[in-house]
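Trainee: Mind folding the following:
(2 chains)
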Number of protein chains: 2
Amino acid sequence: MAEVLAGGRWTESDVIEAIMEVFPSRRDLVTLGIGDDCAVLARGERLVTTDASVEGVHFDVAWMTLADAAYRCLTSNLSDVAAMGGEPGCFTLALGLRPDLGFDEIRGAIGAMRQCVEEHGLSRCALVGGDVVRSAVAMFSVTMLGEVPEWPVVTRAGARAGDVIAVLGDPGYAAAGLELCRRGRAGESSWSRFVEAFRRPRAQVVLGPLLARARLVTAMMDTSDGIMTDLPRMLKSSGCGAELDVGAFVPDAAMAALGCELGMDPLGWMASGGEDFGLLVTADPCHVCALERAALEYGVRCRVIGRCTAERRLCWLKGGREVAMEDASFSHF
Amino acid sequence: MAEVLAGGRWTESDVIEAIMEVFPSRRDLVTLGIGDDCAVLARGERLVTTDASVEGVHFDVAWMTLADAAYRCLTSNLSDVAAMGGEPGCFTLALGLRPDLGFDEIRGAIGAMRQCVEEHGLSRCALVGGDVVRSAVAMFSVTMLGEVPEWPVVTRAGARAGDVIAVLGDPGYAAAGLELCRRGRAGESSWSRFVEAFRRPRAQVVLGPLLARARLVTAMMDTSDGIMTDLPRMLKSSGCGAELDVGAFVPDAAMAALGCELGMDPLGWMASGGEDFGLLVTADPCHVCALERAALEYGVRCRVIGRCTAERRLCWLKGGREVAMEDASFSHF
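Mentor: Below is the predicted model:
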């Protein structure tokens, strides 16, 4: 979920740090605690993750239905499990409901979660419990369990200098879709792929475990907050830096056309747009072909965007020369 | 959590039924699905439960601090695990925060959760992940995992005609405490035990697993919504009825004194007051002594309140004769 607490006297990071101070990592109970996509329980390599969506913050019923919001909240949890290389299992739902919601709307939201499970082809993913509460704003909080059957989990901490950095998915599509919704143009059929990416995003539930099982990636996380927010987190966990290639952020024809139509720079969507639920991975250069083949097989776009460096900083390259981020924008291509 | 959706065009039960329709029970994945205190996963007898607390609905910062609310939300989850005979394990937290909250308040809430774990003596209970989100109202949603190491889980469905019905704990204390808070009398030291029961409730984390391991109870659930709400749920799950003894609902001296002081009938608190987190159990009559001994050993009050009947109705007895519930109130004793 996005950094949603900006502007206050404290940030989300302050709160998480306070939590980690009070609840320090318990190596006897968890292989991996707070700070990755999922926690990893010590026994049985079971994953657990929680993602909440609050009306007025993560979604607005002016731009999407309650069903869309439910679908997306579940996707974000599926994505967290996939980004560890795990397979989603059972989940619980805390469902906060405004009393003035129509029952059809509520039923629609529940149905959308079922649809989400089915459209992701997950036969072992089931809602097993939860809590239904009244709330001044609608709210979904999903806790998803997951399994890593017979291979190691892939964390954010495995990237090494020399690894390539790649993104699997369609970065920027969801952000472009949100922009269309904001402008009241969600109904235009030419742009439906973007609106769909925003309202009914898909998680990489097949590719994530596949890459982990085949040991093709050294680090992996989902791009739920956008590459420019998520990559620094991965680099920090791994203790390395990165050089990013501006040239890798070329929008496809549809996104370029939408950028023209709306008078906006698609690079912003691609680099900073969140809620894409693609996979951000690092890999040994010798595995790039296999990575691309695997992505191709499942119809997912694979884009190599840079490489990891020993020096702990993030810089942009254009034609091999370093540029300031301001100069890297799409309009300068 | 209490039935909090009253007054709308739909009830909590409607929503839960809609959920169960869309997500029917999966016998291959869960031993026990929606409708008990916890779900029981098919592998490893692992329990999972979710309980959420929303500001303005489950708590009001006029009556309790955010720390109290956090403590109680965690207690309610501990209680759900204990009520299955399980031992609490790791948990995740979705924390919804109003941007105008002070950081000290937030830190206080996190600290209270830690305190809750410690005061319950749970060395294997740890926060392992979650989500921090902005929200128009403060909100806690905890998902707790639990284990049932080497004995069967105790569900709500095991009560049989002839079993005695007992309550372990102090029914009505929390409701009395809430009343004191509402009247602005929470600070009066003579009534502190009630205020404490409301603000910092304890779950029966030792007694619950002990009763399950010793196989002393046939059915068990926690009294989070009050006996008169929770008992019918247990009877429905078990497919039997009950005769309750009015004489068993005699308040202790302190509660009787508080009832006089506030001009209220303690029977209402005892029979209908929620958020007590005691245990409601049924047991073979030959196990009653052992049950009482076990409770006594851990300083928990055990009160036999009636017995299960084959006839599926709930009736009240006074001196052996059936009375209408109106006549059963404390003022008629």
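
Trainee: quick one, what contacts the residue nearest to the spatial centre of chain A?
Mentor: Closest residue to the average C-alpha location of chain A: residue A:224 at 2.5 Å, with C-alpha atoms, centre = their mean. Residue A:224 makes contact with A:1-2, A:76, A:79-80, A:230, A:274-277 under the criterion C-beta atoms under 8 Å, 6 or more residues apart in numbering or on different chains. All C-beta spots, glycine's among them, are computed from the backbone N, C-alpha and C.

Trainee: can you rerun that using 6 Å?
Mentor: residue A:76 (C-beta atoms under 6 Å, 6 or more residues apart in numbering or on different chains).

Trainee: Please report phi then psi for it.
Mentor: The phi/psi pair for residue A:224 (degrees, to the nearest 10) reads phi -70, psi -30.

Trainee: Kindly provide the distance from it to chain B.
Mentor: Noted for residue A:224: a distance of 11 Å to chain B, by C-beta to the nearest C-beta, to the nearest Å.

Trainee: Could you do residue A:197 as well?
Mentor: Taken as C-beta to the nearest C-beta, the span from residue A:197 to chain B is 22 Å.

Trainee: what packs against the host helix or strand of that residue?
Mentor: Using DSSP states H and E, residue A:197 falls within helix A:192-199. Using 3 or more C-beta pairs under 6 Å, 6 or more residues apart in numbering or on different chains; DSSP states H and E, the elements in contact with helix A:192-199 are helix A:173-182.

Trainee: Next, residue A:316: secondary structure please.
Mentor: strand (DSSP: H, G, I helix; E, B strand; the rest coil).

Trainee: Just the pLDDT for it.
Mentor: Residue A:316 is assigned a predicted lDDT (pLDDT) of 93.

Trainee: If I follow the layout properly, it ends up in contact with residue A:305?
Mentor: No - using C-beta atoms under 6 Å as the test, residue A:316 is too far from residue A:305 to be in contact (10.3 Å).

Trainee: Mutual contacts of these two, please.
Mentor: Common contacts of residue A:316 and residue A:305, defined by C-beta under 6 Å, 6+ apart, comprise residue A:244.

Trainee: domains in chain A, as residue ranges please.
Mentor: A:12-147, A:164-332 (automatic domain parsing).

Trainee: Out of those domains, which one sits most buried?
Mentor: domain A:12-147 (a mean of 22; mean count of other C-beta atoms under 10 Å in any protein chain shown).

Trainee: Now do the helices in the stretch 101-250 of chain A.
Mentor: Along the stretch 101-250 of chain A, counting by DSSP state H, counting those that start in this stretch, helices occupy A:103-119, A:173-182, A:192-199, A:207-213, A:227-238.

Trainee: now the domains of chain A in CSV, with distance to residue B:92?
Mentor: Formatted as CSV, the domains of chain A follow (distance: least, C-beta to C-beta, whole Å):
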stretch, distance to residue B:92
domain A:12-147, 4
domain A:164-332, 16
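
Trainee: which one of the ones you listed has the lowest average pLDDT?
Mentor: The minimum mean pLDDT among the domains of chain A belongs to domain A:12-147 (a mean of 85).

Trainee: near chain B, which residues of the stretch 101-250 of chain A show up?
Mentor: Within reach of chain B by C-beta under 6 Å from any C-beta of the partner chain, the stretch 101-250 of chain A has these residues: A:103, A:106-107, A:110-111, A:114, A:126-137, A:141, A:143.

Trainee: which strand in chain A runs the most residues?
Mentor: Longest strand of chain A, by residue count under DSSP state E: strand A:87-97.

Trainee: Run through who's touching that strand.
Mentor: A:78, A:81, A:122, A:125-133, A:135, A:139, A:141-147, A:209, B:29, B:48, B:50, B:52, B:54, B:141, B:143.

Trainee: and those, which of them are in strands?
Mentor: Counted as lying in strands by DSSP E, out of the contacts of strand A:87-97, are A:126-133, A:139, A:141-147, B:48, B:50, B:52, B:54, B:141, B:143.

Trainee: Direction included, what does the longest strand of chain A pair against?
Mentor: In the sheet containing strand A:87-97, its partner strands are strand A:126-134 (parallel), strand A:139-147 (antiparallel), by DSSP bridges.

Trainee: chain center to it, what's the gap?
Mentor: Mean-position distance between strand A:87-97 and its chain equals 17 Å (C-alpha atoms, centre = their mean, to the nearest Å).

Trainee: Over to stretch A:135-143?
Mentor: When distances are taken as C-alpha atoms, centre = their mean, stretch A:135-143 is centred 19 Å away from the chain's centroid.
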